[in-house]
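K.L.:
sequence unavailable; structure follows:
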């Protein structure tokens, strides 16, 4: 019977439509109902929010696509309006990602390599979102394995970005320390004791 799947699909669509457009804490509760975009990075710096959002928002659309597949089967999951829920999810999450992505880019300006990494991660994320659909002739096992691969790619790219930022910070600290070492010592005035 398809009724439970339809109810689940409607609930997912309502949750997506009701989601906020930026990360925030309300009433001290950092739960997903309050921070839909990066629930595991609530109150953390912009880069942490963006890194969390990459996997989280991908997962949200992956679940919506799974509901369509359960409801209509692989072969018919994109026929007519059958793929409308996942299309809506993709459009919504692209909008939701705009602010965290821009904030992450701004936070990473100290490293050109990190900025390039963020751009690459965003491109990977967009491609993974676009590739959530089932491909003709793909088995259930192959489809599920393929749609799990992006998580590993995301994680590897995030590590590269974090490493670039750590190297940039270390170079800045080293330069600052070297500049301080070459600074002439301040002259201290000595007072003569008067008899």
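P.N.:
Done, it's in. This structure is a prediction, so every number in the text was calculated from the model and none was measured.

K.L.:
how about the helices in this protein?
P.N.:
3-18, 46-72, 84-107, 112-130, 140-182 (DSSP state H).

K.L.:
Serialize these to JSON lines and add fields for distance to residue 35.
P.N.:
Any C-beta I mention is one placed from the backbone N, CA and C, and that applies to glycine too. Below are these laid out as JSON lines (distance: least, Cβ to Cβ, whole Å):
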{"stretch": "helix 3-18", "distance to residue 35": "13"}
{"stretch": "helix 46-72", "distance to residue 35": "9"}
{"stretch": "helix 84-107", "distance to residue 35": "11"}
{"stretch": "helix 112-130", "distance to residue 35": "19"}
{"stretch": "helix 140-182", "distance to residue 35": "19"}
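
K.L.:
let me know which of those helices is tucked in deepest.
P.N.:
helix 46-72 (a mean of 21; mean count of other Cβ atoms under 10 Å).

K.L.:
and for stretch 120-138, what's in contact with it?
P.N.:
For stretch 120-138, the external contacting residues (Cβ atoms under 8 Å, 6 or more residues apart in numbering) are 54, 57-58, 61-62, 65, 69, 74, 77-78, 83, 86, 90, 93-94, 97, 101, 143, 146-147, 150, 153-154, 157-158, 161.

K.L.:
that concludes my questions; thank you for your assistance.
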